[in-house]
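> give me a 3D structure for the following:
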Amino acid sequence: MKSTLLKMFLLVLAIANLQACRDNAGAKTDTGAPAETEATQTEAANFSGTYGYDNGENGGGELRVEQKGSEIEFSIRIVAGPPAYNQGSLMGKASLKDNVVEVNVQDYGDCRFTITFSENEARIVSDENARSCGFGNGVIADGVYKKK
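As a prediction, this is how the structure comes out:
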């Protein structure tokens with residue numbers, strides 16, 4: 001008897017789930033285009049992980065990313081090359097849109113850069129007029145960071 005009740009319950013649950021999927025499948029936006037939910041966008045590409053940048057004797061860096069929906073939490077650690085081996089680090093949060101994060105940090109002055117994600121890398125490009133990120137002399141975050 002218990003087995004039959006359990007089977008019936010699971011069948012009703014499966015039918016309800018199927019109906020909910022059908023209801024969502026036809027969703028449209030105001031423009032008539034198929035709706036794409038935030039969950040669908042983030043499931044397709046999750047950029048969480050550790051990325052490394054190695055410039056040989058001229059230094060390198062590490063970018064750590066934790067993606068939560070369309071928000072990115074990041075931390076960057078960079079070391080420049082000889083003779084001083086200056087360093088820099090920065091942490092923050094920013095919104096992800098179309099695989100791009102625009103970072104704007106004002107803790108040490110005007111610091112702006114973009115992080116563009118692809119399948120196994122993150123490319124950081126600084127705004128040439130806004131590099132006051134609190135890093136050591138001659139240290140910038142720019143480069144292609146490969147996912148580890």
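> name the helix or strand of the protein that has the lowest mean pLDDT.
None of the helices or strands of the chain scores lower by mean pLDDT, DSSP states H and E than helix 2-25, at a mean of 41.
> let's verify the residue nearest to Ser132 when sequence neighbours are not counted: helix, strand, or coil?
Leaving aside its chain neighbours, Ser132 sits nearest to Gly109 (2.8 Å; criterion: Cβ to Cβ, 6 or more residues apart in numbering). Yep, even glycine has a C-beta here, placed from its N, CA and C like the rest. Look at Gly109: counting by DSSP: H, G, I helix; E, B strand; the rest coil, its state is coil.
> touching, Gly109 and Asn129? I think so.
No: look at Gly109 against Asn129 with Cβ atoms under 8 Å: they stay out of range, at 11.2 Å.
> give me the more crowded residue out of those two.
When neighbours are counted by other Cβ atoms under 10 Å, Gly109 and Asn129 differ, and Gly109 comes out ahead with 11 against 8.
> was I right about Arg77 contacting Gly59?
No: if you go by Cβ under 8 Å, Arg77 and Gly59 don't touch, sitting 10.9 Å apart.
> and those two? which has more neighbours close in?
It is Gly59, of Arg77 and Gly59, that has more neighbours when counted by other Cβ under 10 Å, with 19 against 15.
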